[in-house]
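[1] quick one, fold the following:
(2 chains)
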Amino acid sequence: MTETLTLLGLESSCDDTAAAVVRHVPGGAAEILSSIVVGQTDLHADYGGVVPEIAARAHTEKLDHCIEAALQAADIGLSDLDAIAVTAGPGLIGGVLAGVMCAKGLAAGTGLPLIGVNHLAGHALTPRLTDNLAFPYLMLLVSGGHCQFLIAEGPDCFRRLGGTIDDAPGEAFDKTAKLLGLPQPGGPAVEAEAQGGDPGRFSFPRPLLDRAGCDMSFSGLKTALLRERDRLMTEGRGLHARDRADLCAGFEAAVADVLSQKSVRALEAYLATEPDNPAFAVAGGVAANLAIRSALETVSTEAGASFVAPPLALCTDNAAMIAWAGIERYRLDLFDDMSLSARPRWPLDRTSPALLGSGKKGAKA
Amino acid sequence: MSADLATTVHLASPEDTAALAQALAPLLQPGDVILLAGQIGAGKTHFARAVIQARLSAAGWQEDVPSPTFTIIQTYHDGAAEICHADLYRLTDADEVFELGLADAFHDAICLVEWPDRLGHHAPGNALRLSFAPGNAADARILTIESSSARWDRVIDRLTAPAIEGR
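    Purely as a prediction, here's the structure:
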C-alpha cells in the first residue's frame, strides 16, 4: 500500500471512447492527471438515441488518439505508468473487444501489468476516487443501460440488492423524448420540458412499489405515456405545449418516485448491516437529473446516510473510473494476463444466479 | 417454401402475450429466427423476455433479461441452445449485423430480433415474423404472425389453436 501508482485506463464498452491517467499516493487523494472522452453527441440529435459505434476498428482508431491525448495532457510517457487498466465488459461487443485488444498490445509492448475492469465496478468505485468513501457504502447505479442497487463491500466485492427487471431509466427518458418529439439525448430534454409542467395532471404507474425488495420496472411507464399521448392527440387534435410539459413532469415524477422509494428499501437493507459511516452514493447519467437527485438526497438524509454524487463528468462513462478501479485492483494484487477476454455480459455480483452464455460465439464474444 | 401465412391473434393483456411466448419457447431450436416488429411500447421486449425466461427456467436457471437497447445484443445459454436477443433500433447500416456476429447467430442460435426492418436484405427468409399493433383496449395487442417457411406451419397451428381469429 506504500507505492505511488500511476495507471492508464481505457474505456470503450459503450458509445464513447475514453482514456485517462490517474495517480494515487497512498493516504492521499487520487489525482486525475487527464481524462479524455470522445463522444458522438453531434450525431445524436435527429436520431432516436445515441448512434452506436458498432465496428471494433473504429473504436481502435479512436482509442489510439485518446491514449495519445491522455498521456500528453498528463504530461507523462508510457514508461511512467505502473499498469494498464481496461474495461473488459459488460457492453457493446465491438467496443469491448477493441479496448481489450488495445490494452493487451500496450501491456505486451511495455511489459506493464494488465488489469481487466468491470465497467459497473468502475462506476461503483467512483465515490472512492472522488470522495474517498470507505466501504461498505450503498450505491445506486442509474444510467441509460443500467439500474441497480449495490452494497460496495470491497474493490472486488459487490452485493446486488435489486435492479430493473426491464428497461433502465435512461432508456425510458430517451424513449419518452422520442415519443414526444423532443431531441436526443432524452434526459436533459425531458427534464427541461418537465420544469414548466404539472406533475399531478397525469398519474403514471409506479410498478413494483407494492412489492418487497429493490427490484424496479420502467417499461410500463413508457407504454402508459404512449397511451396518454395518443389519447391527447385524438381528443385535442395534436399535442399542445402544455400537454407535453405535463407529460414530461408526470413521467419524471414517476421515475423519481420509484427510485426514491426503492432507495428507502435499499437503505434499510444496507443500514441493517450496521456500517460505521453510512453513505449512499449515486452514479450514472440519470443522477444528473435534478428532481431525481434531490429526491434521492432527501431519502438518504432521512435515513441518516451521507449522500454522495460525483461530478457529472465522472458519473457518466469515462476512463478515469477505469484507471481508478485498476489502482484498487493493483493494490489487491488482482492482475490479468493475455488470456483476458471481452465479456459482453458480466454481472457484478457473482453470488447472483450463474453467468451463462458469456464467452459464447453468438455475439462474437 | 410454402405460401405466406398471416395469422392474427388478439392478446388481451401483457399476461396473454407472455403466455403465448411461453408456449412458443419450447418449440424453438438453434437456427430459428423470430423477428419482432412494432412501435415503441408495443410489447416486443416483453415477448422476448418471456421466451428467454421460459427457456432458462425450464433448464432450472433464473436470470435477469434486461432490455438490449443499449448493448444491442444480449446472449444467453439455456444448456441446449444459445439465445441471442437483439435490439437493432440504433443500427444505422444493415451491414453492421456482421460486426455484431448476428449473421452467424442466425445459423446456430435462437434469435429474437427487435426492429428487424434495420436488417434490410439480411433478414433471413426462413424467419418467423411477429408484428405487434395496438388493440381495442389499453393493454390489448393485435399480433400478426407471418412466415414463408414450412418450418413454422405446425408451430403456428399450435400457437393459435385456442385463440385463432382468421387466416
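
[2] low-confidence bits of chain B, can you list those?
    Within chain B, the stretches with pLDDT under 70 are B:1-5, B:162-167.

[3] where do the strands sit along it?
    B:5-11, B:33-37, B:73-77, B:82-87, B:110-114, B:128-134, B:141-147 (DSSP state E).

[4] just put the ones you listed in TSV and tack on mean neighbour count and distance to residue B:122.
    Every C-beta, even on glycine, is put in place using the N, C-alpha and C of the backbone. Shown next, in TSV, are the strands of chain B (neighbours: other Cβ atoms under 10 Å in any protein chain shown; distance: least, Cβ to Cβ, whole Å):
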stretch	mean neighbour count	distance to residue B:122
strand B:5-11	17	22
strand B:33-37	23	11
strand B:73-77	25	14
strand B:82-87	26	12
strand B:110-114	27	10
strand B:128-134	20	14
strand B:141-147	20	17
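
[5] quick one: closest of those strands to chain A.
    strand B:73-77 (3.5 Å; Cβ to the nearest Cβ).

[6] what angle separates that closest one from strand B:110-114?
    150 degrees (axes from the mean of the first three to the mean of the last three Cα atoms, to 10 degrees).

[7] tell me the angle strand B:73-77 makes with strand B:82-87.
    Using the same axes, to 10 degrees: strand B:73-77 against strand B:82-87 is 160 degrees.

[8] from the contact counts, what lies against strand B:73-77?
    Secondary-structure packing of strand B:73-77 (3 or more Cβ pairs under 8 Å, 6 or more residues apart in numbering or on different chains; DSSP states H and E): helix B:44-58, strand B:82-87.

[9] list the neighbouring strands of that strand plus their orientation.
    strand B:82-87 (antiparallel) (DSSP bridges).

[10] got the CA coordinates for the partner strand in PDB?
    The C-alpha trace of strand B:82-87 is given here as PDB (Å, rounded to 0.1, in the frame of the first residue of the first chain):
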ATOM      1  CA  GLU B  82     -27.700 -20.200 -27.300                       C
ATOM      2  CA  ILE B  83     -30.300 -17.500 -27.300                       C
ATOM      3  CA  CYS B  84     -29.500 -14.200 -28.900                       C
ATOM      4  CA  HIS B  85     -31.700 -11.200 -28.000                       C
ATOM      5  CA  ALA B  86     -31.100  -8.200 -30.300                       C
ATOM      6  CA  ASP B  87     -32.500  -4.700 -30.500                       C
END
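
[11] and the contacts of that strand?
    A:357, A:360, A:362-363, B:30, B:45, B:48, B:51-52, B:55, B:65, B:67-69, B:72-77, B:100, B:102, B:105, B:108-115 (Cβ atoms under 8 Å, 6 or more residues apart in numbering or on different chains).

[12] hmm, back to that, so of the helices and strands packed on strand B:73-77, which one's packed in deepest?
    strand B:82-87 (a mean of 26; mean count of other Cβ atoms under 10 Å in any protein chain shown).

[13] so that strand versus helix B:44-58, what angle?
    Using the same axes, to 10 degrees: strand B:82-87 against helix B:44-58 is 160 degrees.

[14] off-centre distance for strand B:82-87?
    Chain-centre distance of strand B:82-87: 9 Å, with Cα atoms, centre = their mean, to the nearest Å.

[15] how far is stretch A:263-275 from where the chain is centred?
    That offset, for stretch A:263-275, works out to 21 Å (Cα atoms, centre = their mean).

[16] same question for stretch A:113-132.
    Using Cα atoms, centre = their mean, the offset of stretch A:113-132 from its chain centre is 11 Å.

[17] can you point out the buried residues in that stretch?
    A:113-131 (16 or more other Cβ atoms under 10 Å in any protein chain shown).

[18] with stretch A:300-319 instead?
    Of the residues in stretch A:300-319, A:300, A:303, A:305, A:307-310, A:314-319 count as buried by neighbour count, 16+ other Cβ under 10 Å.

[19] list, one by one, the residues from the stretch 51-200 of chain A near chain B.
    Residues of the stretch 51-200 of chain A that fall close to chain B, judged by Cβ under 8 Å from any Cβ of the partner chain: A:51-52, A:54-56, A:90-94, A:144-145, A:163-168, A:171, A:175, A:178-179.

[20] also the stretch 201-350 of chain A?
    A:219, A:222, A:223, A:225, A:226, A:227, A:230, A:344, A:345, A:347.

[21] the most centrally placed residue in chain B: what's it in contact with?
    In chain B, the centroid-proximal residue (Cα atoms, centre = their mean) is residue B:34; its distance is 3.7 Å. With contact set as Cβ under 8 Å, 6+ apart, residue B:34 has these partners: B:24, B:28, B:48, B:51, B:110, B:111, B:112, B:113, B:127, B:128, B:129, B:130.

[22] relative to chain A, how far out is the third one?
    When you say that, I think you mean residue B:48. Computed as Cβ to the nearest Cβ, to the nearest Å, the residue B:48 to chain A distance reads 11 Å.
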